[in-house]
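A.B. asks: Give me coordinates for this.
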Amino acid sequence: MKNANQILVKSIFMSADSESAKNSTPPPTPVDGEQEVDQIGQWICDLCFADTREVSLLELSKKREVYPDLAVRLWYTPGAIAALLAEIIGIYWSINPPRLTAHQSNRVCNALALMQCVASHPETRGPFLQAHIPLYLYAFLHTTSQTRPFEYLRLTSLGVIGALVKTDDPEVIQFLLNTEIIPLCLRIMETGSELSRTVATFILQKILLDDHGLAYVCQTYDRFSHVAMILGKMVMSLKGEPSVRLLKHVIRCYCRLSENVRAREALASILPDELRNQTFAASIKDDKSTQHWLNQLLRNLESVGRAPLVAVTRER
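C.D. replies: This is a model prediction of the structure:
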């Protein structure tokens, strides 16, 4: 279960990782042959029947990355998406009080993996949003239980949202801004596992990189201060337990915030000193991209009047 979720979430970050990291992973073997395609079609049809759904969920989730038309066939097969929603809604009763089992979590995460497939595809993403399907996942993001089944459930749900924002589609950001996704991500950034915190921070980063998203966060003091507070707490926690990938997204969020005039003035006073000195120099010495964004952040803040305490690792 753990490896399956890590693979599911890893796909979100592929475009953000280095070229060498991408090339180190061999591509999955594509679906080949009429018989195999027919089998996939049968599994999709079997989603509509309770006694065959669990096996179909498992088998189809294994085909997400090797069958490009899976999202389209899922969306346009009568009853298939309704079956996935039934799986999601069916465990609501196990959320409060928290009594979700590993088997239940595994099964619904397979359904969520297929939802992520639909969310990622350019032909199905629009209808997916128009149907407001992401809102069905928010109940899972609200959970706070630290047990493994709940953590995997939150992580896979974040994976669906992460797949949406990865597309850099302005309509996705506009949709999310009309929901409670930012406070949900902020809470997970503060209390979740490292992988969940990383995906939640990635989602926030993608929202901030959109002009409307940045304006939304910086529109009121309460919104900005909440984001800045959580980012500051994350810097403090990373000082003790460094995670280069998580630090990369935190710095990118700070850098984007510094491009807003009012936010830049505030950050000049409240940016953690750990980002102004050599605290993370060893952690990012081999990450030129993160070095660049950290130096850009400090250059942006210098224009306000407070220079960095110590020069950060020099870009090469």
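A.B. asks: For Gln278, which three-state class applies?
C.D. replies: Put simply, Gln278 is coil when judged by DSSP: H, G, I helix; E, B strand; the rest coil.
A.B. asks: Kindly tell me how buried it is, as a neighbour count.
C.D. replies: 12 (other CB atoms under 10 Å). C-beta: built from backbone N, CA, C; applies to glycine.
A.B. asks: Equivalent analysis for Asn295, please.
C.D. replies: So Asn295, with other CB under 10 Å, has 18 neighbours.
A.B. asks: try Val227
C.D. replies: 24.
A.B. asks: where do the helices sit along the stretch 201-316 of the chain?
C.D. replies: Along the stretch 201-316 of the chain, the stretches classed as helices by DSSP state H, counting those that start in this stretch are 211-218, 221-240, 244-257, 261-270, 288-302.
A.B. asks: what sits up against the first one?
C.D. replies: Helix 211-218 is touched from outside by 170, 173-174, 177, 182, 206-208, 223-224, 227, 256-257, 259-260, 262-263, with contacts defined as CB atoms under 8 Å, 6 or more residues apart in numbering.
A.B. asks: Quick check: mean pLDDT of that helix?
C.D. replies: For helix 211-218, mean pLDDT is 98.
A.B. asks: Ok, the second one next?
C.D. replies: Model confidence over helix 221-240 averages 96 on the pLDDT scale.
A.B. asks: What residues sit buried inside that helix?
C.D. replies: 224, 227-228, 230-232, 234-235, 237-238 (16 or more other CB atoms under 10 Å).
A.B. asks: Looking at those residues, which is nearest Thr124?
C.D. replies: Checking the buried residues of helix 221-240 against Thr124 with CB to CB, the nearest one is Val227 at 30.9 Å.
A.B. asks: Poorly predicted segments of the chain, please.
C.D. replies: Filtered on pLDDT under 70, the chain yields the residue ranges 1-33, 305-316.
A.B. asks: May I see the domains of it written out as residue ranges?
C.D. replies: Structurally, the chain divides into domains by the TED database as follows: 44-167, 204-303.
A.B. asks: distance between the ends of the first one?
C.D. replies: Taking CA to CA, to the nearest Å, the span from the opening residue of domain 44-167 to its closing residue is 25 Å.
A.B. asks: let's number from 35 now, not from 1
C.D. replies: OK, 35 is where the count begins now, so the last one is domain 78-201.
A.B. asks: Ser90: how many residues sit nearby?
C.D. replies: 22.
A.B. asks: same thing with Tyr170?
C.D. replies: Using other CB under 10 Å, Tyr170 has 18 other residues around it.
A.B. asks: List the contacts of Glu70.
C.D. replies: By CB under 8 Å, 6+ apart, no residues touch Glu70.
A.B. asks: before we move on, what SS does it have?
C.D. replies: Three-state assignment for Glu70 (three-state DSSP): helix.
A.B. asks: Can you give me the distance of the nearest residue to Leu335 once chain neighbours are set aside to Val295?
C.D. replies: Among residues not flanking Leu335 along the chain, Ala302 sits closest, at 4.9 Å (CB to CB, 6 or more residues apart in numbering). According to CB to CB, to the nearest Å, Ala302 and Val295 sit 11 Å apart.
A.B. asks: try Ile125
C.D. replies: Using CB to CB, one gets 45 Å for the distance from Ile125 to Val295.
A.B. asks: out of these two, which sits in the busier spot?
C.D. replies: Ile125 (20 against 10).
A.B. asks: Quick check: that one touching Gln138?
C.D. replies: Yes: shown here, Ile125 and Gln138 form a contact pair, counting by CB atoms under 8 Å, at 5.4 Å.
A.B. asks: Surely Ile285 and Thr324 touch.
C.D. replies: Yes: using CB under 8 Å, Ile285 is in contact with Thr324, at 5.9 Å.
A.B. asks: In terms of packing, which of those two has more residues around it?
C.D. replies: Ile285 (26 against 22).
A.B. asks: residues in contact with that one?
C.D. replies: 309, 324, 327-328, 331.
A.B. asks: From Gln325, how far off is it?
C.D. replies: Distance, Ile285 to Gln325, by CB to CB: 9 Å.
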